[in-house]
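A.B. asks: what follows is a predicted protein model with its sequence.
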Amino acid sequence: MTLLAVEGLTKRFGGVLAAKSVSFALDEGEMLAIIGPNGAGKSTTFNMVGGQLRPDGGSVMLAGKDVTGLPSRALCRMGVGRTFQVAQTFLSFSVLGNVQMALLAHHGQTRQLLSDAAVMHRDAALALLDRVGMAAQAGRPIGELAYGDVKRVELAIALAAAPRLLLMDEPTAGMAPSERTALMALVAGIARAERIGVLFTEHDMDAVFAHADRILVLVRGEIIARGSPEEVRADPEVQRVYLGHSGTRAAGRARRPVHG
Amino acid sequence: MEWSFLLVQALSGLASASSLFVIASGLTIVFGVTRIVNFAHGSFYMLGAYLAVTIVPWLLEFDRSPTLFFVGVLASALVVGLLGVAMEMLLLRRIYRVPELFQLLATFGVVLIVQDLVQLAWGPMDIPGPRAPGLRHGVTILDQRFPAYELFLIVVGPAVLALLWLLMHRTRFGVLIRAATQDREMVGALGVNQAMLFTGTLFLGAALAGLGGALQIPRISANAHMDLSVITEAFVVTVIGGMGSVPGAFIAALLIGLLQAFGVLIFPKITLVLVFLLMAAVLVVKPWGLLGRPEAAAGRAVLPEGILDPGRMDWAGKVLAVVALAVMLALPLIDAYAVKVGTEVLIFALAAVSLNFLVGNGGIVSFGHAAYFGLGAYGAGLLVVKAGLPMEPALIAAPIAGGLAAALFGFFVVRLSGIYLAMLTMAFAQIAYAVVFQWVEVTGGDNGLVGVWPSHWAASREVYHYLTAVLTLAAIVFLRRVIHAPFGATLRAARDSAQRADAIGIDVRMHRWLGFTLAGAAAGLAGGLYAFSKGSIDPTLLGIPMSVDFLSMILLGGIQSVLGPVAGAAAFHSLKDFFLPLTDHWRLLLGLSIIAMVLVFPRGLAGAFASLRRRPA
Ligand SMILES: Nc1ncnc2c1ncn2[C@@H]1O[C@H](COP(=O)(O)OP(=O)(O)O)[C@@H](O)[C@H]1O
Ligand SMILES: [Mg+2]
């Protein structure tokens, strides 16, 4: 079933047309990658879908409901979770506290004045951390973690709201190659197990061709190609404009797991 | 109403606008480059006026010529510019990287120091200045007399704007100023030249303030209140115009000048309320002012300055709390004076904890917390004096008054963050102050109101002390609880990353607004208790110095600590009570102490306590 349908999204920053009538759809449990060079408009597209930016034109439908221009907090309540290109966490909290905070918000308890926040949702938060492999670090201040681990915690935070759709803007940016593969495998596992739709951008072509069901290629705000990894890999336009030589090699190397 | 009258009114509006722009342009340029809101800008303005009333008459003794008058005015501006250079080299350089709250407080320390030094140098009396030779006459415009000097002032604003434009576009220094204002990263790449740029900018900014002050001497006497009154107006102009934008300041000054000139005709008493409405309207539509731009988010996230993990109270903390409580309860055994100081300490402790609930826990740097304290005091006091109600309902009304005012102002405040927020809270506090000050029939104006006495059963100092102890401690314990509760954690989360908070479904603005209102209510209760402890109310309860006292308390106590502000309030108020009668230079002392605290002791008493205990025995 179609989870997310984006139609004609457009955003202009002064003279720059950062997104030009971008349209795509995403099914439940599907992993859709947006690839493209720096400045192509990937983050802009993400921010319009995620409610951080209001589009100049076009619409965003979530499970059949028009959610265009809704703020991020409203989208969260409708089942959209996200991670950011530069990880956003609560720096003064512990790893566990970050996830507890997300759970407090999810349960609508943020206005409670008398209960003790430190003991609420501990077990649920630990379970979420366990799923992303961070339970052992639960007690540490999040500021002490390696960046790759912060990204994992960010994933746990996003999962706390039990999302139907995950938006991940460059989930593996700033990670070591081995960490990247592990994180993407983790995301793919969770997405398929829970039928969460995942929209992600990624510079690491290995990760993209290994895990994406479909790929959109965005260049200068426009989608120039779309399709299965094989189709995108074979597209001469994509090879010329974007993938170039190294990208083509990565695409050839990657072996997608068969599923579904 | 005749057209000629309206024209004259418009002209006098333009004259005020022009003067206001000259001052505000300096503030906004300095902010653009250094990202410091310089409270002492008002002090530079005052110094400009005092220097001019000294230099200009001396020059006019040689020859009563317009030339020498303006030579004197320019000389005053230059001297003030040099003082700006001194301030940059001695102080600002050391605080470019510290959190905004500390920067604001440090520059306010300079305000206090200058106030005392000006009084030392020029005495407490207002000093009238000479009229400008050649511009002393009136000009007849459509049957109305209009002072020639005001006409001249109208020209000064656009002239300064034009000169600044030339400077910004035709000189290397000006191009650097613009570049630094637009792009923070660029400043770092300047290397050696950075120090020169910053020093030069302070010279320019201070000289503009000095010029603004010196030009006022034919209109108003140099006096000791010029600094704070002008800094509020200059803040309002820069906030409306957009911080860092010189043309924005020009437009905003015009708007405010004309609004005041015509507002006086329609609502003579409440021109300030009109200014407030203008500012509120602009900020709702354009949170960064007319021509301002949103501050780019800092690239690398840094640990916030404030309460990190409220944690549990450990044994040492518990011992300390019990001892403090025992001392408070035992004060009546000592003497009446101790009881008086103790009662006040309790009241200020509540005010300080409520302020740190915002600053330390929420990252909401309120520079006008005294407004809610003072409005709480007036809410209670007016009910007793004017409505004849007894103390009990008045003490219930106090937090309601503080909370309602905070809810009203907070609605606008929480739309902003950082330095804009601090300036807006201060501007609101000044507006509340002005309303209380001007509305003489109800509030008693400057003199305030007397006869705010407790009910019969609580009339003795001792009983009132215990009543205060029960109420303030209950409120402090409650606020501490809230800090540990999900609501307090949510405010910290929003402070750490508003974007992340939004993405997990938190309505950041709404929570901040509720927090602001709650803190305002707590401050209002403190204010109500204060009114009954003094038996009177007056506008100083809402003034900037009171807000700064509260900030000094939390700074002294440590803003990263939940209960540190209690210790800060006790230390600050006891010291003030002890030293104030002994010295004529309390402000000098306080100013120097604030600067010293910011420079060497930024984590306050609680920080010192914690690091003492962490040291291996
Ligand atoms: N807030 C903004 N203001 C102005 N221009 C922006 C803003 N955000 C992005 N842009 C511009 O939009 C284009 C797309 O940026 P972005 O979406 O971040 O690309 P990507 O994520 O693909 O690297 C770039 O040219 C960028 O400079
Ligand atoms: Mg991007």
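C.D. replies: In hand now; what should we look at? Ligands and ions are numbered 1, 2, ... in the order given.
A.B. asks: list the contacts for the residue of the stretch 1-150 of chain B found nearest chain A?
C.D. replies: Proximity of the stretch 1-150 of chain B to chain A (Cβ to the nearest Cβ) peaks at B:P99, 13.8 Å away. To be clear about C-beta, it is placed using only N, CA and C from the backbone, and glycine gets the same treatment. Applying Cβ atoms under 8 Å, 6 or more residues apart in numbering or on different chains, we find B:P99 in contact with B:E305.
A.B. asks: now the one 3 residues further on
C.D. replies: Remark: with contacts taken as Cβ under 8 Å, 6+ apart, B:F102 is in contact with B:I95, B:E305, B:L555, B:V598, B:P602.
A.B. asks: per-residue pLDDT of the residue of the stretch 1-150 of chain B closest to chain A, please?
C.D. replies: Per-residue pLDDT puts B:P99 at 80.
A.B. asks: distance of B:A521 relative to ligand 1?
C.D. replies: Using Cβ to the nearest ligand atom, to the nearest Å, we find B:A521 at a distance of 38 Å from ligand 1.
A.B. asks: that residue against B:A397, yeah?
C.D. replies: No - using Cβ atoms under 8 Å, B:A521 is not in contact with B:A397; the gap is 11.1 Å.
A.B. asks: which of the contacts of B:F102 has the most neighbours?
C.D. replies: Scoring those on neighbours with other Cβ atoms under 10 Å in any protein chain shown, the highest-scoring entry is B:L555 at 29 neighbours.
A.B. asks: the helix or strand containing it: what's the following helix or strand?
C.D. replies: Per DSSP states H and E: B:L555 is located in helix B:544-557. Sequence-wise, the next helix or strand downstream of helix B:544-557 (DSSP H and E) is helix B:564-579.
A.B. asks: list the buried residues for that next one?
C.D. replies: B:G564, B:P565, B:V566, B:A567, B:G568, B:A569, B:A570, B:A571, B:F572, B:H573, B:K576 (16 or more other Cβ atoms under 10 Å in any protein chain shown).
A.B. asks: also stretch A:145-165?
C.D. replies: Neighbour counts over stretch A:145-165 (16+ other Cβ under 10 Å) mark A:145, A:148-161, A:163-165 as buried.
A.B. asks: confidence score at residue 243?
C.D. replies: This is for chain A. 62.
A.B. asks: that's the other chain; I wanted chain B
C.D. replies: 86.
A.B. asks: likewise for A:R256?
C.D. replies: For A:R256, pLDDT reads 42.
A.B. asks: quick check, A:V238 in contact with A:A225.
C.D. replies: Yes - in this structure, A:V238 is within contact of A:A225 by Cβ under 8 Å, at 4.8 Å.
A.B. asks: now the closest residue to B:V463 other than its chain neighbours: how far from B:L346?
C.D. replies: Of all residues not flanking B:V463 in the chain, B:W457 sits nearest, at 6.9 Å (Cβ to Cβ, 6 or more residues apart in numbering or on different chains). Separation of B:W457 from B:L346 (Cβ to Cβ, to the nearest Å): 19 Å.
A.B. asks: between the two, which one's more packed in?
C.D. replies: In terms of neighbours (other Cβ under 10 Å), B:L346 is the more surrounded of B:W457 and B:L346; the figures are 27 against 11.
A.B. asks: element containing that one, please.
C.D. replies: Here B:L346 sits within helix B:336-362, counting by DSSP H and E.
A.B. asks: does that helix come close to chain A?
C.D. replies: No - using Cβ under 8 Å from any Cβ of the partner chain, helix B:336-362 stays clear of chain A, coming no nearer than 10.0 Å.
A.B. asks: just checking, what packs against the next helix or strand after that helix?
C.D. replies: Remark: after helix B:336-362, the chain's next helix or strand is helix B:370-385, criterion DSSP H and E. Counting contacts by 3 or more Cβ pairs under 8 Å, 6 or more residues apart in numbering or on different chains; DSSP states H and E, helix B:370-385 is packed against helix B:391-413, helix B:418-438, helix B:440-443, strand B:449-450, helix B:508-534, strand B:536-537, helix B:544-557.
A.B. asks: need the residues touching each of A:V238 and A:A225.
C.D. replies: A:V217, A:V232.
A.B. asks: those two: which has the busier surroundings?
C.D. replies: Per other Cβ under 10 Å, whichever of A:V238 and A:A225 has more neighbours is A:V238, with 25 against 21.
A.B. asks: quick one: the more buried one from A:F209, how far?
C.D. replies: Applying Cβ to Cβ, the value for A:V238 to A:F209 is 12 Å.
A.B. asks: please apply the same query to A:V232.
C.D. replies: According to Cβ to Cβ, A:V232 and A:F209 sit 9 Å apart.
A.B. asks: residues touching the closest residue to ligand 2 within chain A, list them.
C.D. replies: Closest contact between chain A and ligand 2, by Cβ to the ion, is at A:S43 (3.2 Å). The contact partners of A:S43, by Cβ under 8 Å, 6+ apart, come to A:Q85, A:D169, A:T201.
A.B. asks: of these, which are in range of ligand 2?
C.D. replies: A:Q85 (Cβ under 5 Å from the ion).
A.B. asks: just checking, which of the contacts of A:S43 belong to strands?
C.D. replies: A:D169, A:T201 (DSSP state E).
A.B. asks: distance to B:I594 and neighbour count added to the contacts of A:S43, as a markdown table?
C.D. replies: Converted to a markdown table, the contacts of A:S43 look like this (distance: Cβ to Cβ, whole Å; neighbours: other Cβ atoms under 10 Å in any protein chain shown):
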| residue | distance to B:I594 | neighbour count |
| --- | --- | --- |
| A:Q85 | 40 | 16 |
| A:D169 | 43 | 22 |
| A:T201 | 48 | 23 |
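A.B. asks: closest one of the contacts of A:S43 to B:L254?
C.D. replies: Within the contacts of A:S43, the smallest distance to B:L254 is 42.1 Å, found for A:Q85 (Cβ to Cβ).
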